[in-house]
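Asks: here are the coordinates; sequence isn't available:
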Ligand code: C2O
């Protein structure tokens, strides 16, 4: 079956928590955008039309492996030119996984201004439930635009103050603000029923911890990977990560708070907190009086994620096999306006993408050499395993980074909060498998993935300012086997972009 969607991106104003009205972007007139829904195995066709006046766009379907359809990955400057104002582009790919995810603009920081929405591919669940409540999109929200916050972040980096705190946390695009304006998200449940809730962190900067008072969360999948069910009192969710959870409405009939707050064990940035109200049927809806958030003193990811389908990873001498990638700060980058700042980088290289001449262009033209500034990492030959150690260098602010890989679910062999020594025990037998995992502040992340998906992919920190500063790398996987996008559509996009581009993007 084929399911088709049209996404129309327009300028708008948003005031989702009643706190301040600001410029934002809308998809089909709404923020967050409409749900993209399909069944496992369906072909998904999404036409994106850019009605913005002074911004390009490009749409990425987070976590979708894009098997044989790398050209639909939607990364401006890698797989396509940005869609110029007035232009449309059609993405087509197979829902080769099932579960919960999101789509978002992959053009600069644009998703932080509203070009984001949920995506659900239906498939089997690893535990029973009665009712699918759909998604909870959790996000930090700023009264300034993402562009303004990114600029302040650069200045703050210079003085090492870190990024500004978010103004609020939204649940499905709504919350009250500190002064009481705005409105909560409300859910009504029936005692005795089990509910599936799909949690997604769509933030630009923050790790969000969630819980529902008196109700444990039974996790049944992490990212697109079904897991053996496990119970959690709370979960910390990094940007880009998802957890599908089952909630058993078996408590005293009452109102309960659903809580979504910045995990201050991850980052010092504080903000107002996110709340939703869960009411049992027959109980008058009112602000709950239920207990407070469980105390959390760490920023670690669950260690009991056991993928339902066991897939061991070929083991060996990891330090010897691994490619080491150091997360660092690089000085003396000149930013627009002429300021010299330090920026987040990987192996002292900042990712540069060329919107006018994306990496894919070099793949079309086999006679051209790849420019040396693409920030490319080599992958191993077809069918082989890649082992990467991502290590945050010491002596820089120990900030956790949600690392996301395009084109793959990777295996998390280990994570630690200090410098990797080589003698750590790694998990080879049934490691967690997901598409976004954290390199802890001052710590390390060891991952593995198989070269089984030819494409031009990105690996990056999902903190919006970090990727826009260059904390990422491109990797070309089996470049001679990549199924290329249809050339005339690709070229039309680039010629429209190149005749539009006047250097003004915001
Ligand atoms: Cu959620 Cu590079 O993307």
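Replies: Here it is on my side, so go on. Every value quoted in this text rests on a predicted model; they were computed, and no experiment measured them. Residues are numbered from 1 along each chain as shown.
Asks: Helix or strand for residue 153, just tell me which one.
Replies: Secondary structure assignment for residue 153, by DSSP states H and E: helix 146-159.
Asks: Which elements pack onto the helix or strand just after that helix?
Replies: Scanning the chain past helix 146-159 towards its C-terminal end, the next helix or strand to appear is strand 168-171 (assignment: DSSP H and E). Other helices and strands packing on strand 168-171, by 3 or more Cβ pairs under 8 Å, 6 or more residues apart in numbering; DSSP states H and E, are strand 131-141, strand 255-262, strand 274-280. Any C-beta I mention is one placed from the backbone N, CA and C, and that applies to glycine too.
Asks: ok, residues contacting the shortest one?
Replies: For strand 274-280, contacts defined as Cβ atoms under 8 Å, 6 or more residues apart in numbering pick out 136, 138, 168-171, 175-176, 184-191, 208, 212, 215, 249, 251, 253-261, 285, 287-288.
Asks: Buried among these? Make that a PyMOL selection.
Replies: Of the contacts of strand 274-280, the buried ones go into a single PyMOL selection, burial set by 16 or more other Cβ atoms under 10 Å:
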select buried, resi 136+138+168+169+170+171+175+176+184+185+187+189+208+212+215+249+251+255+256+257+258+259+260+261+288
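Asks: now, which of the contacts of strand 274-280 lie close to the ligand?
Replies: When the contacts of strand 274-280 are filtered against the ligand using Cβ under 6 Å from any ligand atom, no residues are retained.
Asks: Which residues are in contact with the residue of the chain found nearest the ligand?
Replies: Here the chain gets closest to the ligand at one residue, residue 62, 3.6 Å apart by Cβ to the nearest ligand atom. In this structure, residue 62 makes contact with 101-104, 119, 240, 404, 435, judged by Cβ under 8 Å, 6+ apart.
Asks: what's the most distant pair in these?
Replies: With distances taken as Cβ to Cβ, the most widely separated pair in the contacts of residue 62 is 119 and 404, at 15.1 Å.
Asks: Number of residues surrounding the closest residue to residue 41 other than its chain neighbours?
Replies: Taking Cβ to Cβ, 6 or more residues apart in numbering as the measure, residue 41 lies nearest to residue 95, with 6.3 Å between them; neighbours along the chain are not counted. Here the neighbour count serves as a burial measure; for residue 95 (other Cβ atoms under 10 Å) it reads 27.
Asks: For residue 95, which residues are in contact?
Replies: Applying Cβ under 8 Å, 6+ apart, the residues contacting residue 95 are 38-44, 64, 121.
Asks: Just the buried residues from the residues you listed, in PyMOL please.
Replies: Applying 16+ other Cβ under 10 Å to the contacts of residue 95 leaves a buried subset, and the PyMOL line that selects it is:
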select buried, resi 38+42+44+64+121
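Asks: mind putting the contacts of residue 95 in JSON lines, secondary structure included?
Replies: Converted to JSON lines, the contacts of residue 95 look like this (DSSP: H, G, I helix; E, B strand; the rest coil):
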{"residue": "38", "secondary structure": "strand"}
{"residue": "39", "secondary structure": "strand"}
{"residue": "40", "secondary structure": "coil"}
{"residue": "41", "secondary structure": "coil"}
{"residue": "42", "secondary structure": "coil"}
{"residue": "43", "secondary structure": "strand"}
{"residue": "44", "secondary structure": "strand"}
{"residue": "64", "secondary structure": "coil"}
{"residue": "121", "secondary structure": "strand"}
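Asks: Pick out the most distant pair among the contacts of residue 95.
Replies: Pairwise distances among the contacts of residue 95 were taken by Cβ to Cβ; the largest, 14.3 Å, belongs to 39 and 64.
Asks: so where's the stretch 201-350 of the chain uncertain?
Replies: Low-confidence segments of the stretch 201-350 of the chain, defined by pLDDT under 70, are located at 293, 332-341.
Asks: mind listing the strands for it?
Replies: Taking DSSP state E, counting those that start in this stretch to define them, one finds strands in the stretch 201-350 of the chain at 208-212, 217-222, 225-232, 235-237, 242-248, 255-262, 274-280, 323-334, 340-346.
Asks: Residue 180 is nearest to which of these?
Replies: Of all the strands of the stretch 201-350 of the chain, the one in closest proximity to residue 180, counting by Cβ to Cβ, is strand 274-280 (11.7 Å).
Asks: mean confidence score for the helix holding residue 153?
Replies: Helix 146-159 shows an average pLDDT of 73 in the prediction.
Asks: swap in stretch 406-416?
Replies: What stretch 406-416 shows for mean pLDDT is 97.
Asks: a markdown table please, covering the strands of the stretch 201-350 of the chain and showing distance to residue 317.
Replies: Output for the strands of the stretch 201-350 of the chain, formatted as a markdown table (distance: least, Cβ to Cβ, whole Å):
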| stretch | distance to residue 317 |
| --- | --- |
| strand 208-212 | 37 |
| strand 217-222 | 28 |
| strand 225-232 | 27 |
| strand 235-237 | 32 |
| strand 242-248 | 33 |
| strand 255-262 | 39 |
| strand 274-280 | 45 |
| strand 323-334 | 14 |
| strand 340-346 | 23 |
